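> mind looking at a prediction? Sequence and model below.
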Amino acid sequence: MMSSEIPPEEDESRLETLRLVLRLARMADAPAIARHANDRQIAEMTSRIPHPYSLGHAESFLASVDGELIFAITTRDEGEFLGLCGLQATERENTAELGYWIGRSFWGKGYATEAAQAMIDYAFRALELTTVEVRCRVINGASRRVIQKCGFGYRGTGLSTSLVAGRVASETYAMDRRTWESLKAWGGRGWC
């Protein structure tokens, strides 16, 4: 069962993929977060990132999410910071919403898909959730492709709030445990 704060087990605070390491975000990540998140296009496509985005914003964010499942996305070989991803509890029992963003200089390389798949595995395997949801703005084709490659099913279109863009049209997608188990058994879509 999921609560508003989901502390990972000690051995689950680091997730590894072929090219990435996802580890719990820490205050030392603040300069890299500020550097990459200070991009109007990223802010417009997310709900919680203001623009401009300063080091103070990054430090406040990290202090406010202490104990939550916010992971830094880093390269496996050099540990370079690429962006953030995380799971946030929803009002529905055993359900979390997946969120992610990648710095512009790393777009188009499959990192968001790889990180999202690792987080989905973590949600179902370690947290034993029944459903993972995700949203994207209707104009965000790149995020929609990530969502579709991961195997999420479309649920509907509605409005969400962005700190920069205000009320915006967004699409909601979901994946249940049965779908995830099928994807894992099938071995498709890049799943390990």
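Cool, got the structure. Since the structure is predicted, the reported quantities are computational estimates derived from the model, not experimental observations.

> every contact and neighbour count from this point should use C-alpha atoms.
OK.

> buried ones in stretch 109-122, by neighbour count?
Tyr111, Ala112, Thr113, Glu114, Ala115, Ala116, Gln117, Ala118, Met119, Ile120, Asp121, Tyr122 (16 or more other C-alpha atoms under 10 Å).

> pLDDT on that stretch, on average?
Taken as a whole, stretch 109-122 has a mean pLDDT of 98.

> report the distance from that stretch to the chain centre.
Between the centre of stretch 109-122 and the centre of its host chain there is 8 Å, according to C-alpha atoms, centre = their mean, to the nearest Å.

> next one: the helix or strand of the chain with the lowest mean pLDDT to chain centre, how far?
Using mean pLDDT, DSSP states H and E, helix 177-186 stands out as the lowest-scoring helix or strand of the chain, at a mean of 92. Relative to the chain's own centre, helix 177-186 is displaced by 20 Å; criterion: C-alpha atoms, centre = their mean.

> now intersect the buried residues of stretch 109-122 with the helices, please.
With DSSP state H as the criterion, helices contain Tyr111, Ala112, Thr113, Glu114, Ala115, Ala116, Gln117, Ala118, Met119, Ile120, Asp121, Tyr122 from among the buried residues of stretch 109-122.

> sorry, back to before: as CSV, the buried residues of stretch 109-122 with distance to Phe152 would be great.
Listed next are the buried residues of stretch 109-122 as CSV, based on distance: C-alpha to C-alpha, whole Å:
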residue, distance to Phe152
Tyr111, 17
Ala112, 14
Thr113, 12
Glu114, 14
Ala115, 15
Ala116, 11
Gln117, 11
Ala118, 14
Met119, 13
Ile120, 10
Asp121, 13
Tyr122, 15
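
> gap between the nearest residue to Ala165 once chain neighbours are set aside and Gly166?
Once flanking residues are discounted, Ala165 sits nearest to Glu44: 5.5 Å by C-alpha to C-alpha, 6 or more residues apart in numbering. Distance, Glu44 to Gly166, using C-alpha to C-alpha, to the nearest Å: 9 Å.

> who has more neighbours, the two?
Neighbours per residue (other C-alpha atoms under 10 Å) separate Glu44 from Gly166, with Glu44 holding more: 20 against 12.

> may I have the least confident helix or strand of the chain as CSV, with CA atoms only?
Provided in CSV are the C-alpha atoms of helix 177-186 (Å, rounded to 0.1, in the frame of the first residue of the first chain):
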residue,chain,number,x,y,z
ARG,A,177,0.1,-4.5,-13.0
ARG,A,178,-1.3,-7.0,-15.5
THR,A,179,-0.1,-5.0,-18.5
TRP,A,180,3.3,-4.5,-16.9
GLU,A,181,3.6,-8.3,-16.3
SER,A,182,2.6,-9.0,-19.9
LEU,A,183,5.2,-6.5,-21.2
LYS,A,184,7.9,-8.1,-19.0
ALA,A,185,6.9,-11.6,-20.1
TRP,A,186,6.8,-10.7,-23.7
